[in-house]
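Q: generate a structure from the sequence data that follows.
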Amino acid sequence: MDDVRMAGLTVSYYQFGPLIGCYKLPKEFVTELQLRSSKTFKDHSHLLAGYIDKENSFYNDNRQWFLN
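A: Here you go, the predicted structure:
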(Lines give C-alpha, C1' and ligand atoms only; values in the text may rest on other atoms or scores of the structure.)
Protein backbone atom coordinates (compact mmCIF):
# COMPACT_ATOMS: atom_id res chain seq x y z
CA MET A 1 0.00 0.00 0.00
CA ASP A 2 1.23 3.48 -0.87
CA ASP A 3 0.28 6.63 1.08
CA VAL A 4 0.17 10.12 -0.35
CA ARG A 5 -0.38 13.24 1.76
CA MET A 6 -1.96 16.29 0.14
CA ALA A 7 -3.94 19.26 1.47
CA GLY A 8 -4.31 17.69 4.92
CA LEU A 9 -5.58 14.38 3.52
CA THR A 10 -3.95 11.00 3.60
CA VAL A 11 -4.72 9.02 0.46
CA SER A 12 -3.89 5.31 0.40
CA TYR A 13 -4.09 2.97 -2.56
CA TYR A 14 -3.15 -0.59 -3.36
CA GLN A 15 -1.08 -1.62 -6.41
CA PHE A 16 -3.09 -4.54 -7.76
CA GLY A 17 -6.10 -5.20 -9.98
CA PRO A 18 -8.81 -2.59 -9.56
CA LEU A 19 -7.86 0.65 -7.88
CA ILE A 20 -9.01 0.62 -4.26
CA GLY A 21 -8.73 3.94 -2.46
CA CYS A 22 -8.86 4.92 1.19
CA TYR A 23 -9.13 8.53 2.38
CA LYS A 24 -8.51 9.79 5.91
CA LEU A 25 -10.01 13.24 6.50
CA PRO A 26 -9.34 15.57 9.43
CA LYS A 27 -11.96 15.17 12.18
CA GLU A 28 -12.81 18.91 12.07
CA PHE A 29 -13.64 18.62 8.37
CA VAL A 30 -15.88 15.58 8.91
CA THR A 31 -17.69 17.27 11.82
CA GLU A 32 -18.37 20.41 9.77
CA LEU A 33 -19.52 18.33 6.79
CA GLN A 34 -21.95 16.38 9.00
CA LEU A 35 -23.31 19.61 10.46
CA ARG A 36 -23.86 21.15 7.02
CA SER A 37 -25.40 17.97 5.59
CA SER A 38 -27.92 17.78 8.44
CA LYS A 39 -29.35 21.10 7.18
CA THR A 40 -29.99 19.91 3.60
CA PHE A 41 -33.48 18.93 2.51
CA LYS A 42 -33.53 18.87 -1.32
CA ASP A 43 -33.63 15.17 -2.24
CA HIS A 44 -31.87 14.09 -5.45
CA SER A 45 -32.08 10.30 -5.05
CA HIS A 46 -34.56 10.05 -7.94
CA LEU A 47 -31.80 11.31 -10.28
CA LEU A 48 -29.33 8.57 -9.32
CA ALA A 49 -28.99 5.00 -10.51
CA GLY A 50 -29.82 2.25 -8.06
CA TYR A 51 -31.92 2.19 -4.92
CA ILE A 52 -30.83 5.03 -2.69
CA ASP A 53 -33.15 6.07 0.14
CA LYS A 54 -31.87 9.60 0.61
CA GLU A 55 -29.29 11.67 -1.27
CA ASN A 56 -29.61 15.37 -0.54
CA SER A 57 -27.96 18.18 -2.46
CA PHE A 58 -25.76 20.76 -0.76
CA TYR A 59 -26.61 24.44 -1.19
CA ASN A 60 -24.21 26.76 -3.05
CA ASP A 61 -22.69 28.32 0.09
CA ASN A 62 -21.82 24.82 1.34
CA ARG A 63 -20.28 23.95 -2.02
CA GLN A 64 -18.09 27.06 -1.82
CA TRP A 65 -16.97 26.10 1.69
CA PHE A 66 -16.10 22.60 0.48
CA LEU A 67 -14.03 23.94 -2.44
CA ASN A 68 -12.11 26.40 -0.24
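
Q: quick one: residue 22 is in a strand?
A: Yes. Assessed with DSSP: H, G, I helix; E, B strand; the rest coil, residue 22 lies in a strand.

Q: excluding its backbone neighbours, what's nearest it?
A: Spatial nearest neighbour of residue 22, excluding adjacent residues (C-beta to C-beta, 6 or more residues apart in numbering): residue 12 at 4.2 Å. Yep, even glycine has a C-beta here, placed from its N, CA and C like the rest.

Q: pairing partners for the helix or strand hosting the one you found, with directions?
A: Using DSSP states H and E, residue 12 sits in strand 9-13. Next to strand 9-13 in the sheet, as set by DSSP bridges, lie strand 2-6 (antiparallel), strand 21-24 (antiparallel).

Q: least reliable of these going by mean pLDDT?
A: Among the strands paired with strand 9-13, strand 2-6 has the lowest mean pLDDT, at a mean of 59.

Q: outline the domain layout of this protein.
A: The record assigns the chain these domain ranges, following automatic domain parsing: 1-26, 38-68.

Q: so which of those domains gets nearest residue 32?
A: Closest to residue 32 of the domains of the chain is domain 38-68 (C-beta to C-beta; 7.8 Å).
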